[in-house]
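Q: Just the structure for this:
(chains A and B)
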Amino acid sequence: MDIQIRSEGTVKVVTITGTIDGATAPVAQTQINAQGGPGAKVVLDMGGVDFMSSAGLRMLLAAYRIIGGQGGRVVLARLPEELRDTMELTGFLNFFQTFDSVAAGIAELG
Amino acid sequence: MTTSVTDPAPDFGRMDTYPTHDYQGFKLRAGKPIPFGATLVPGGVNFSIYSSHAESCTLVLFEKGAHQPLVEIPFPAAFRIGNVWCMIVFGLDYENTEYGYRMTGPFDVQAGHWFNPDKILMDPYAKAIAGRDVWGAKPDWNDIYHHRARLVYDDFDWDEDRPLEIPMADLVVYEMHVRSFTSHPNAKVKYPGTFAGIREKIPYLKELGVNCVELMPIYEFDEFEGSFVDPETGKQMVRNYWGYSTVGFFAPKAGFAATGKIGMQVDELKALIKELHRHGIEVMLDVVFNHTAEGNENGPYISFRGLDNRTYYMLTPEGYYFNFSGTGNTLNCNNPIVRNMVLDCLRYWASEYHIDGFRFDLASILGRDPWGAPLPNPPLLETLAFDPILAKCKLIAEAWDAGGLYQVGSFPAYGRWAEWNGKFRDDVRKFLKGEAGLTGGMAQRITGSPDLYTGRGPSASINFITAHDGFTLADLVSYNEKHNEANGEGNRDGANDNESWNCGVEGPTDDPAINALRRRQIKNAAVMLLTSQGVPMLLMGDEVARTQNGNNNTYCHDNELNWFDWSQIESNADLFRFWQQMIAFRRAHPALRQRHHLSGQDHVGSGYPDISWHGTQAWQADWSGWSRLVAFMLCGKNAATVTGEPDDYLYVAFNSHWDGHELGLPLLPDGRRWHVAVNTGMPAPDDVFAPGAEPVLENQILFFAGPRSAVVLVGR
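A: Numbers count the residues shown, from 1 in each chain, chains lettered A, B, ... in the order given. So this is what the prediction gives:
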């Protein structure tokens, strides 16, 4: 797994590539939560994620709860279809707004 | 949604997050005996397992799917409290760990002990079980550990959801099988035969109008139990399709989840339940606590047999398995340890899965003592009835067992238990086919069986005409005899006393008169079910005339014999509409959903009794042995006293005679007039009218009920 973080105006774009499972989820968790804070705006670019295990999905929900709890917002961009299905079937998708492109996610938050 | 959640602070105050022992590089600490099972704790996993007769215990850990164990950790002597071995293992990757146990102890069949340290045993409290992750995927028969306990976080985000607590009297139950509901290609769902598939079909359930789904077994089972290779195709055949043979009571069937292959069946099932609740539909589970998948003396070691055989099973004095379930063994439900396990299990499903109710398969077994004798005051049934966590859960008994105990009307109820009313099924079937001498029995069934449930009220009666055992409704009016050849048991299996009638020809026919009669009989049955006091339950697909080709015991078929054919919604659109309107009618009329038994008295001074009986002449019921006509009127004003809602006057007539009859209608008060809601003697769409759209009758004095027809009138 690799994580790149950049700023687009007031929005933080977190680009995740590779596999998020029990081994990598804690690393991702730390880096994503670090983007939180009052009024934080975070787009998670999921286009390069090839697999997310149960721990990965829990990491996403934790980010939503933690950053949301600080008054920030987290949205998802470019969810691969299989991952979207998994998230929908297991209830995790309910918590997220999703966008087809990073730009659309930024536009929503910005 | 906002919360005050922040990063959890490191807890320097607790010392139990640090290991005290080391075994081959695995860090350990003495565990907590409670809760039983495997629990994720800070930094590790707490494993807790009990056995009354084992001498030692070893934890066996696997990497996910591995053939050989990763490590086997004997529980240090200091880690046993009483008969419970408990240990925390630190640093496990919870997603990639599978675990089991080895137990040592006596092997002495006559004494009931089957300990065998060569066997790896599944935790009875396993919350997820791998090994049959994808439905029908051929198992590795050489695996040393078939049903593999896995670790689960109980952390589902339910938002505002909780069990719906719909009053029992207001339920309309739909009995269904997870795989059968959406496996047919006509279902056109993305993930056929799964929890996800059901979720995609929630709009259909809403359209039909049911507000409770009763799922046939969803606890982990082995569809390959008893499987065989088809000599013609060479294919390994699924045998245990229905799933009435539990492997693990705390784990959902992985093969029923589209995400089972990535171990997310727990989340998928919870997401389905949350979504059903959001649409006002309760979820009831059909639970099988009467036996396990371990079979008799020749069955496999899965869990209980090797953990503590003598505790978990009812045994004869010679050490053999009692067979009150008809499936090889009998769970020893009134042993205090087993009783607690059942309680733990139901509490888990009620609290972690938000399950609304449970239907107990062969529940009379739950009232037998460890030697098989029926108990007058069975502690398990009493415990469940009074448990605070289960307090709002529906508890429904299949009040008989395969050992000859039949308790319909006498199941120990403690003011809580309802029953599948087998007497309703039998009387309504006989009356429907035109048998004489049933009018008295029908009067009881229509009023919620006060002959069986005095003091318990009509909601103690789950009314059904068909269920998974037996004919579908379409087959009930198309076959005189069972046709179970496809089961491969020479047509010997399945019930013989079906009280069915084929309407003139056995099986499918082109005869339009017979087909018209069959459709009418289906509608008559719908009216009987939905205008009776008590809780109606219909069988999946009966609303569109699902057939099993006359097979009344389709437990083993993963094919069109069981699958819901969704094209029938179009081909039998008139029947679907009829059921839909009948359910809507029931929901529109509290008079049909009374909380107490009707008495024949006038409680409000309306001048009309709460229920009155009629015949070809108003107020003159014919209870003679040759009568095939039952007609009754419900007083809407009296209905208001029990439900708090005023209602219309309702008149219902069932003419099971092969001739039509002119019926004298009771006069209505207050200038009300009779309107026709249902007349199965009329072709669709004039057979049923939506609530509020019923046409007024021109003749308010007489109504002609056609041969074998049902009539419902609304007085408003």
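Q: Just say helix, strand or coil for the one residue in the stretch 251-400 of chain B that gets nearest to chain A.
A: Relative to chain A, the nearest point of the stretch 251-400 of chain B is B:A271 (3.2 Å; Cβ to the nearest Cβ). Backbone N, C-alpha and C define where each C-beta goes, glycine included. Secondary structure, DSSP: H, G, I helix; E, B strand; the rest coil: B:A271 is helix.
Q: Surely it touches A:D85?
A: No - using Cβ atoms under 8 Å, B:A271 is not in contact with A:D85, being 12.0 Å away.
Q: the more surrounded of these two?
A: Comparing B:A271 with A:D85 by other Cβ atoms under 10 Å in any protein chain shown, the one with more neighbours is B:A271, at 26 against 17.
Q: Now do the contacts for the more buried one.
A: Neighbour list for B:A271: A:L89, A:T90, A:G91, A:N94, B:F195, B:R199 [criterion: Cβ atoms under 8 Å, 6 or more residues apart in numbering or on different chains].
Q: try B:A588
A: So B:A588 contacts B:P691, B:G692 (Cβ under 8 Å, 6+ apart).
Q: For the residue nearest the centre of chain A, which residues count as its bridge partners?
A: Residue closest to the average C-alpha location in chain A (Cα atoms, centre = their mean): A:L44, at 3.6 Å. A:L44 has these beta-bridge partners by DSSP bridges: A:V14, A:L76.
Q: now do B:C86
A: B:C86 has these beta-bridge partners by DSSP bridges: B:S48.
Q: from what I can see it touches B:T39, true?
A: No - the pair B:C86 / B:T39 is not scored as a contact, 10.0 Å apart, by Cβ under 8 Å.
Q: So for those two, which residues contact both of them?
A: The contact sets of B:C86 and B:T39 overlap at B:N46, B:S48 (Cβ under 8 Å, 6+ apart).
Q: Which residue does chain A have closest to chain B?
A: Closest point on chain A to chain B, by Cβ to the nearest Cβ, is A:G91, at 3.2 Å.
Q: Which pLDDT value goes with the closest residue in space to that residue that isn't next to it in sequence?
A: Of all residues not flanking A:G91 in the chain, B:A271 sits nearest, at 3.2 Å (Cβ to Cβ, 6 or more residues apart in numbering or on different chains). pLDDT recorded at B:A271 is 98.
Q: Equivalent analysis for B:T3, please.
A: 38.
Q: try B:T17
A: B:T17 is given a pLDDT of 84.
Q: isn't it right up against B:K27?
A: No - in this structure B:T17 lies outside contact range of B:K27 using Cβ under 8 Å: 10.8 Å.
Q: which neighbours do those two share?
A: Residues touching both B:T17 and B:K27 (Cβ under 8 Å, 6+ apart) are B:G44.
Q: As a check, name the ranges of all strands in chain A.
A: Under the criterion DSSP state E, strands of chain A are mapped to A:2-8, A:11-20, A:41-52, A:73-77, A:98-99.
Q: Relative to the last one, what are the paired strands and their orientations?
A: The one in question is strand A:98-99. When DSSP bridges is applied, strand A:98-99 pairs with strand A:73-77 (parallel).
Q: which residues touch the strand it pairs with?
A: By Cβ under 8 Å, 6+ apart, the residues outside strand A:73-77 that reach it are A:32, A:40-47, A:60, A:63-64, A:67-68, A:96-102, A:104-105, A:108-109.
Q: next one: stretch B:63-81
A: Contact with stretch B:63-81 is made by B:21, B:23-24, B:26, B:28, B:30-31, B:33, B:56-62, B:85-87, B:89, B:95-98, B:102, B:120, B:130, B:143-144, as judged by Cβ under 8 Å, 6+ apart.
Q: Return the residues in contact with the residue of chain A closest to chain B.
A: B:F156, B:D157, B:D267, B:E268, B:K270, B:A271, B:K274.
Q: Flag every buried residue along stretch B:446-456.
A: Neighbour-count burial for stretch B:446-456 flags B:I446, B:T447, B:G448, B:S449, B:P450, B:L452, B:Y453, B:R456 (criterion: 16 or more other Cβ atoms under 10 Å in any protein chain shown).
Q: Show me how chain B divides into domains.
A: According to automatic domain parsing, chain B comprises the domains B:21-150, B:168-590, B:600-715.
Q: Looking at the shortest one now, give me its mean pLDDT.
A: Read it as domain B:600-715. Averaging pLDDT along domain B:600-715 gives 95.
Q: from the chain's centre, how far out does it sit?
A: Centroid separation for domain B:600-715 versus its chain: 33 Å, with Cα atoms, centre = their mean, to the nearest Å.
Q: Would you state the helices of the stretch 401-550 of chain B in chain order?
A: B:422-432, B:439-446, B:450-453, B:473-476, B:512-530 (DSSP state H, counting those that start in this stretch).
Q: Run through who's touching the first one.
A: If I follow you right, that is helix B:422-432. Identification of contacts with helix B:422-432 by Cβ under 8 Å, 6+ apart yields B:399-400, B:408-409, B:438-439, B:441-442, B:444-445, B:449, B:452, B:461, B:463-467, B:476, B:498-501, B:521, B:524-525, B:528-529, B:532, B:534, B:628, B:630, B:654, B:656.
Q: and what of the fourth one?
A: The set of residues external to helix B:473-476 that reach it, using Cβ under 8 Å, 6+ apart, is B:429, B:465-466, B:470, B:498, B:500-501, B:518, B:522, B:525, B:539, B:542, B:545-552.
Q: What about those, which are in strands?
A: B:L539.
Q: Pull up the gap between the residue nearest to A:G91 and A:L57, please.
A: Noted for B:A271: a distance of 11 Å to A:L57, by Cβ to Cβ, to the nearest Å.
Q: Kindly report the same for B:F107.
A: 45 Å.
Q: In contact with B:G255, which residues?
A: B:G255 sits in contact with B:R132, B:D133, B:V134, B:W135, B:G136, B:A137, B:E223, where contact means Cβ under 8 Å, 6+ apart.
Q: any idea of the mean pLDDT in the longest helix anywhere in chain A?
A: Assignment by DSSP state H gives helix A:54-69 as the longest helix of chain A. The average of the pLDDT scores along helix A:54-69 is 95.
Q: got it, and stretch B:83-90?
A: On average, stretch B:83-90 scores 98.
Q: try stretch B:306-325
A: What stretch B:306-325 shows for mean pLDDT is 94.
Q: returning to that earlier point: please check the contacts of B:A271 and keep the buried ones.
A: The neighbour count (16+ other Cβ under 10 Å) marks A:L89, A:T90, A:G91, B:F195, B:R199 as buried among the contacts of B:A271.
Q: From B:I218, how far off is the last one?
A: Just to be clear, that refers to B:R199. As judged by Cβ to Cβ, B:R199 and B:I218 stand 14 Å apart.
Q: Which pair of the contacts of B:A271 spans the longest distance?
A: A:N94 and B:F195 (15.4 Å; Cβ to Cβ).
Q: how about the residues of chain A near chain B?
A: Neighbours of chain B within chain A, by Cβ under 8 Å from any Cβ of the partner chain: A:21-23, A:33, A:53-55, A:57-58, A:61, A:65-66, A:68-71, A:85-86, A:89-92, A:94-95.
Q: Tell me the buried residues within those.
A: Buried members of the residues of chain A next to chain B, scored by 16+ other Cβ under 10 Å, are A:21-22, A:33, A:53-55, A:57-58, A:61, A:65-66, A:68-70, A:85-86, A:89-92, A:95.
Q: which intervals of chain A have sub-threshold pLDDT?
A: For chain A, no stretch has pLDDT under 70.
Q: The residue nearest the centre of chain B and B:M537, how far apart?
A: For chain B, the residue sitting closest to the mean C-alpha position, by Cα atoms, centre = their mean, is B:D286 at 3.0 Å. Distance, B:D286 to B:M537, by Cβ to Cβ: 11 Å.
Q: Between these two, which contacts overlap?
A: Shared contacts of B:D286 and B:M537, counting by Cβ under 8 Å, 6+ apart, come down to B:E175, B:E214.
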